[in-house]
Structure formats: C-alpha cells, structure tokens
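[1] pasted the sequence and its predicted model underneath.
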Amino acid sequence: MGDRSRARYLSSQGIRDRRVLEGIARLSREDFVSEDTREEAAADTPLSIGHGQTISQPFVVALMTEALGIKGHERVLEIGTGSGYQTALLSLLCREVYTVEIVPELARSARARLRRLGFDNIYFRRGDGNEGWPEQAPFDAILVTAAPDEVPSTLLGQLRRGGRMVIPVGPTGGTQELLLIRRARKPGVLAQVESLLPVRFVPMTGGALRVVP
Ligand code: SAH
C-alpha cells in the first residue's frame, strides 16, 4: 500500500479529518522502520522498532491525531517519540511539536531521522514523559503513545485550559482504553473524559518506583 492509498483506506475506516488524511498521504511509513521490516511497512499493523518498542498501527495514529482536533496554530507535547512517525504527522499539522522519549537510542535515531527528512518544527528531549516538559508548558494538546496505569497528573497540569489530551490508560500487558480528555475552561472544573477505543500500547515506563508484590 502506497501512502496515498493508505489515506484512502483510513478514510474508508472512518477517519474524517482532511488534514490528517493529507498528512498521512505525504509521509512515507517506510522511512520510519528498519530495513528488515520495510516490506511490511505497508500493512495497517504495528511493527517492531527494536528495544522492545513498536511503531503504532496507522489507523490508531490517525484516530489519535484526529481526536486532538488540531487546526494548525498549536504547540503539541508528544510522549513516546519511538520511530518518529507520529511526531512527523503532528509536525505537518501544528506549529511546534515537543517530543519526549525515554530510550536514549530511540531518541537519538528519531531525531537524526526527522532532521534528515527536513522537519524543522520539532524539539526533542530524552527523558521520562511522566514529567512532561515543564519549561515549555502549557501545551494546546498532549498525545501519549505509551500506556500508564493512570493519567499522570503532571501531564494534565501541563495541558492548557480547554486543551485536549489523548492517552491510552490501563494495566501493563492487558488491553487499555484510549481516552480523550478535555481540560475544562472554567477553573474549579477538572476535565471531561471520553473513551474512544480499546487499544494495546507498550507500557509507559519511568515514573515513581512501584512496589512489585
Ligand atoms: N508513537 C511511536 C512509538 C510508540 S511505542 C511510533 O509510532 O513509533 C511507545 C514509545 O514510548 C516507545 O518508544 C517507548 O520507549 C516510549 N516510552 C515508554 N515509556 C516512556 C516514558 N516514561 N517517557 C517517554 N517515553 C516513553
């Protein structure tokens, strides 16, 4: 599947946002996977990117991006750079992307890849996404591509009032719920939460030490 036909396919699967579909059509997913998985890059499935991590299924990437409702002027925080495919899509659709990756090799290779491909509105950080990027907060939208057990309150705090966060939440190894969280505009009111889809993401690591029984 070329990336034009991928966009047509995603449209047939219910993705409506024209900008998201155009962004997908402009990217080549092959650029984001390793030599040995290149032929499989066409399929609408997740693929291994090494270090026990995966590049997400294009349908899920499109759905998450659409749910953020970005128009073009936003500053977006992404947690879990991975291959950088989702980062590249965000880069085409908003003003600035701030992306955080905890695995040093992945952070390095995604940065090199996205620079080589000419993306120039992306800022990279190697670190624990549970902490977000306090120096650059608040963000208009936050996209998380690894699954924590619960919504990290630090991240919610870095979301602008009226902003949206899309995040898979659930237990490690199990199915998670992809949540769309709208932070309320009014002070005193917290957020509205909508469940979009059951998903399976790699767990979000880092964070506070957990006691394992
Ligand atoms: N969206 C990316 C990657 C999805 S896999 C893509 O499509 O290629 C999830 C990524 O989140 C992995 O690269 C993993 O290393 C990263 N990750 C896991 N826990 C993290 C944390 N606490 N902070 C930052 N990144 C994290």
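    Cool, got the structure.

[2] CA atoms for contacts and neighbours, from now on please.
    Fine.

[3] so where is this structure shaky, pLDDT-wise?
    Applying pLDDT under 70 to the chain flags residues 1-2, 208-213.

[4] go with 90
    The model of the chain has pLDDT under 90 over residues 1-2, 34-39, 52, 171-174, 186-191, 207-213.

[5] report the secondary structure state of Ser91.
    With DSSP: H, G, I helix; E, B strand; the rest coil as the basis, the three-state label of Ser91 is helix.

[6] go through stretch 11-20 and flag the buried ones.
    By neighbour count with 16 or more other CA atoms under 10 Å, stretch 11-20 contains the buried residues Ser11, Ile15, Asp17, Arg19, Val20.

[7] look up phi and psi at the residue lying closest to Gly127 once chain neighbours are set aside.
    Of all residues not flanking Gly127 in the chain, Ile102 sits nearest, at 4.7 Å (CA to CA, 6 or more residues apart in numbering). Phi and psi for Ile102, reported as degrees, to the nearest 10, are phi -90, psi -30.

[8] does Ile102 touch Gly80 like I think?
    Yes. The criterion here is CA atoms under 8 Å, and Ile102 meets it with Gly80 at 7.3 Å.

[9] overlap in contacts of these two?
    By CA atoms under 8 Å, 6 or more residues apart in numbering, Ile102 and Gly80 have these common neighbours: Gly129.

[10] neighbour-wise, which of the two wins?
    Neighbour totals were compared for Ile102 and Gly80, and Gly80 leads with 28 against 20 (other CA atoms under 10 Å).

[11] which residue is the nearest non-sequential neighbour of the more buried one?
    Glu101 (4.8 Å).
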